[in-house]
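> Let's see this in three dimensions:
(6 chains)
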Number of protein chains: 4
Amino acid sequence: MSKPREEKYHAILDAATEAFAEYGYYTCQVSKIAKLAGVADGTIYLYFKNKEDILVSLFSDRMGRFIQEIRRSIVQCQTTQERIFCIIRTHFKQMQENRSLAVVTQIELRQSDPKIREAISGPLREYFHLIEQVLAEGVEKQEIVLPDVKIGRQMFFGTLDAVISDWVSSKKPRALEGTEDLVFNLMRGAFKISEA
Amino acid sequence: MSKPREEKYHAILDAATEAFAEYGYYTCQVSKIAKLAGVADGTIYLYFKNKEDILVSLFSDRMGRFIQEIRRSIVQCQTTQERIFCIIRTHFKQMQENRSLAVVTQIELRQSDPKIREAISGPLREYFHLIEQVLAEGVEKQEIVLPDVKIGRQMFFGTLDAVISDWVSSKKPRALEGTEDLVFNLMRGAFKISEA
Amino acid sequence: MSKPREEKYHAILDAATEAFAEYGYYTCQVSKIAKLAGVADGTIYLYFKNKEDILVSLFSDRMGRFIQEIRRSIVQCQTTQERIFCIIRTHFKQMQENRSLAVVTQIELRQSDPKIREAISGPLREYFHLIEQVLAEGVEKQEIVLPDVKIGRQMFFGTLDAVISDWVSSKKPRALEGTEDLVFNLMRGAFKISEA
Amino acid sequence: MSKPREEKYHAILDAATEAFAEYGYYTCQVSKIAKLAGVADGTIYLYFKNKEDILVSLFSDRMGRFIQEIRRSIVQCQTTQERIFCIIRTHFKQMQENRSLAVVTQIELRQSDPKIREAISGPLREYFHLIEQVLAEGVEKQEIVLPDVKIGRQMFFGTLDAVISDWVSSKKPRALEGTEDLVFNLMRGAFKISEA
DNA sequence: AATGAATGAGAATTCATTCAT
DNA sequence: TATGAATGAATTCTCATTCAT
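Numbers count the residues shown, from 1 in each chain, chains lettered A, B, ... in the order given. You can find the predicted model right below:
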């Protein structure tokens, strides 16, 4: 992809993130995204197959970066305990830095339209897999106690997700500060990580 | 409300639950609900103000029963530990008994349309409040250790929600069996409940 | 028609007059008429074939009485001059006594729906004919000067109609008082009636 | 407004005039106007807010031109007598040249829907005002005798309106020919204009 | 590539009319 | 006769998508 083309592509994706976050996928007209991106309605269709494609691309692009960032952050960690904390912190940090992404994630994670669900499930599953890897490794190294890795991941992700959900709903922008430690403490208990 | 009227009201609500679960709120036409309920399109509007009102009524009706059932189940419990287990079990049981409700809950919990969000937030907040009450009482009675009740609720609900979400996505109908104990064990760790 | 049946028939017609006057024919739902008449929606259809039939019956019934009253009033008149004044006064009096009828007349006189026009034209033509008779007789008896009776009727009726139209639009209920003489004076000039 | 845009705007207005004249406002579907204008249904809404807006725009546009034409025609007149005749002739001429407009005017002048009435009243009042000005000036210059200008206008306009109404109802297209003089003669009598 | 006017399929909702009670 | 719940045809308007410029 050429440089200016790529720029416009991302401009549209940025605009869509904002617009979907504000109005929701179905309530948001394509023309709104176009206006926000500073392009004509028709231009959208030079970059995306249709409205659904915008959502899917958006999700996979943003979620891809998101996961990459998480990955990058945990490679430096020595222990499972550190990795868990690292994921919590990086997850929160990224959501906080991009509130619109957080909103879109919250919203679109649960679309029932089967086509959209399918398209979205890829990146999400990747994240789940990453978390499960960390947990499985911890179990193997006896750094955590966890009878069932999947349930562990569900608790871990579910907790982060619920925290973000509340944060997104409330209008207080600072609410995530200091939450990391609280969450981590709960996880430590759940995973039987000794205080040490 | 007279008997037959009430019956039709619930028939429509049931149909809407199925239809929304299958197609999603926006993708599901009112006529689909009507057909499923065995009534004419226009009849819907004798019972509900508009499509949104169906969703809101549905959620508040179903969520109302849901919470009531949870309440009923925990009054018999002696300890916080029992209450926590009870909520897990009743939550799962009800979702399992009414998969469509589970789907709709998953979907609509995250609607971004502000009007819908607002309407839906009531019953949900009530459930959150209920959970927080149980946790707060446990802290007070020193039956659990929990530095922050809100985070505790987020973890608790988030975990249940994530489990349901996975269950709903997968098509295995038995997947929830035996999950209660696994979840409870994690919670016990997180809340520092001694093994007894 | 039996007594109670006739009563209900007129109750519906009265209600329709009010309702059409307030909302207009198309904007007024049949159910509004029913409620105003104190009967069930379905009952309307025991007395009238359909909504249009209500309008037509209403117009022909009311206009029939209207014309009859005009007729009754002019039989006592000796001269054309008196008859003309009599029509003006009786026309205004009746409109004033039944403002809703005035409104409905104003509105429905000009419906473009061909079916309705046709149905309404009967009674109206009868009134036109009556006026033209009076004028023709006046010409014959040389009590008035009028080269063309039809134009004379158009002017005469058009004037009354325009006055009523203004009166109906304005909210002042007394605006018709004293108008009779002014109108009559204009007519006297137009018809070259000597001051005598 | 650009050239082609303006053209389409007027094409729709022309089509609406025809369609409303034939079917009446309520009985005429927007799709009928679209078909007549040779555009897609949706296109209508690029030029007008909604159906009502078409009617209102139509009326104000057409009535605006109508009044302007009347104004233009009377500036050349020397006396009130001439002005009165001029209005009669120009009024008739324009209606005759645009029968659909005449029909629509007849119809919509009497809409009872309050919103429509309000929107329509503007241009109509302007015409009334113009007539009253001519009459008042005539009184002042002692060219006519008229105790009440408003009643005079009501008679004048009411007469023209009734003539047009009859002409529109009848299907004879030539019926307005020669009517001007007859009407003018009546007015001359009513306003006590000497034969000179 | 970019535009944005035009398209027309689609959907929610209304309401005159029917009919079982 | 009277009811009023139920019907479903009909209609306005929206908006994703296309295509001539």
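> what does chain A have sitting close to DNA strand F?
Selection of chain A residues close to DNA strand F by CB under 7 Å from any atom of the strand yields A:27-31, A:41-42, A:44-45, A:50-52. Using the backbone N, CA and C atoms, a C-beta is placed for each residue, glycine as well.
> Three-state assignment for A:M63, please.
Under DSSP: H, G, I helix; E, B strand; the rest coil, the three-state class of A:M63 is helix.
> ok so, going back, which ones among the residues of chain A next to DNA strand F lie within helices?
A:30-31, A:41-42, A:44-45, A:51-52 (DSSP state H).
> show me where pLDDT drops low in chain A?
Residues of chain A meeting the criterion pLDDT under 70: A:1, A:112, A:173, A:195-196.
> mind listing the helices for it?
A:3-23, A:30-37, A:41-47, A:51-74, A:80-97, A:99-108, A:114-140, A:149-169, A:179-190.
> JSON lines for these, including distance to chain C and mean neighbour count?
Listed next are the helices of chain A as JSON lines, based on distance: least, CB to the nearest CB, whole Å; neighbours: other CB atoms under 10 Å in any protein chain shown:
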{"stretch": "helix A:3-23", "distance to chain C": "33", "mean neighbour count": "18"}
{"stretch": "helix A:30-37", "distance to chain C": "33", "mean neighbour count": "18"}
{"stretch": "helix A:41-47", "distance to chain C": "36", "mean neighbour count": "15"}
{"stretch": "helix A:51-74", "distance to chain C": "37", "mean neighbour count": "18"}
{"stretch": "helix A:80-97", "distance to chain C": "52", "mean neighbour count": "19"}
{"stretch": "helix A:99-108", "distance to chain C": "39", "mean neighbour count": "21"}
{"stretch": "helix A:114-140", "distance to chain C": "41", "mean neighbour count": "17"}
{"stretch": "helix A:149-169", "distance to chain C": "41", "mean neighbour count": "23"}
{"stretch": "helix A:179-190", "distance to chain C": "56", "mean neighbour count": "21"}
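> closest one to D:D166 among the ones you listed?
With respect to D:D166, and counting by CB to CB, the nearest of the helices of chain A is helix A:30-37 at 50.5 Å.
> Pick out the residue closest to the middle of chain A.
What sits nearest the mean C-alpha location of chain A, by CA atoms, centre = their mean, is A:M63, with 5.3 Å.
> Where does chain A get nearest to chain C, which residue?
A:T27 (30.4 Å; CB to the nearest CB).
> Distance-wise, check the residue nearest to that residue when sequence neighbours are not counted relative to B:I44.
Leaving aside its chain neighbours, A:T27 sits nearest to B:D113 (5.4 Å; criterion: CB to CB, 6 or more residues apart in numbering or on different chains). Relative to B:I44, B:D113 is positioned 20 Å away (criterion: CB to CB, to the nearest Å).
> List the contacts of the closest residue to A:L160 other than its chain neighbours.
Among residues not flanking A:L160 along the chain, A:H91 sits closest, at 5.3 Å (CB to CB, 6+ apart). Neighbouring residues of A:H91 by CB atoms under 8 Å, 6 or more residues apart in numbering or on different chains: A:70, A:160, A:164.
> from the ones in helices among the residues of chain A next to DNA strand F, which is closest to DNA strand E?
Closest approach to DNA strand E among these (CB to the nearest atom of the strand): A:G42, at 1.7 Å.
> which parts of chain A sit against chain D?
Nowhere does chain A come near chain D, counting by CB under 8 Å from any CB of the partner chain.
> residue contacts, the residue of chain A found nearest chain D?
Chain A approaches chain D most closely through A:S31 (12.4 Å), counting by CB to the nearest CB. Neighbour list for A:S31: A:D41 [criterion: CB under 8 Å, 6+ apart].
> And it, how close does it get to A:L46?
15 Å.
> what do you get for A:V163?
Separation of A:V163 from A:L46 (CB to CB) stands at 39 Å.
> What of A:I33?
13 Å.
> Can you give me the domain boundaries for chain A?
Following automatic domain parsing, one gets these domains for chain A: A:1-48, A:52-190.
> any chance of the ones you listed in TSV, plus distance to C:V103?
Listed next are the domains of chain A as TSV, based on distance: least, CB to CB, whole Å:
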stretch	distance to C:V103
domain A:1-48	42
domain A:52-190	52
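> Nearest to DNA strand E among the ones you listed would be which one?
domain A:1-48 (1.7 Å).
> Mind checking if the closest one is in reach of DNA strand E?
Yes: Domain A:1-48 lies within reach of DNA strand E by CB under 7 Å from any atom of the strand, at A:4-5, A:8, A:39-43, A:45-47.
> biggest separation within the residues you listed, which pair?
A:P4 and A:D41 (19.4 Å).
> got the phi/psi numbers for A:Q142?
When read as degrees, to the nearest 10, the backbone of A:Q142 gives phi 60, psi 30.
> what about it, neighbour count?
Neighbourhood size, A:Q142 [other CB atoms under 10 Å in any protein chain shown]: 8.
> coming back round to it: so the residue nearest to A:T27 is in contact with A:E22, correct?
No: between B:D113 and A:E22 there is no contact under CB atoms under 8 Å: 10.6 Å.
> So which residues on chain A come close to DNA strand E?
A:4-5, A:8, A:39-43, A:45-47.
> So A:S73 sits against A:F92, correct?
No: the criterion here is CB under 8 Å, and A:S73 misses it with A:F92 at 11.6 Å.
> Excluding residues flanking it in the chain, which one is nearest A:G64?
Closest residue to A:G64 apart from its sequence neighbours, by CB to CB, 6+ apart: A:P123 at 6.0 Å.
> need the contact list for that neighbour.
By CB under 8 Å, 6+ apart, the contact set of A:P123 is A:59-60, A:63-64, A:67.
> and which of those is nearest C:A175?
A:F59 (68.1 Å).
> Does that closest one touch A:I120 like I think?
Yes: here A:F59 lies in contact with A:I120, judged by CB under 8 Å, at a distance of 5.2 Å.
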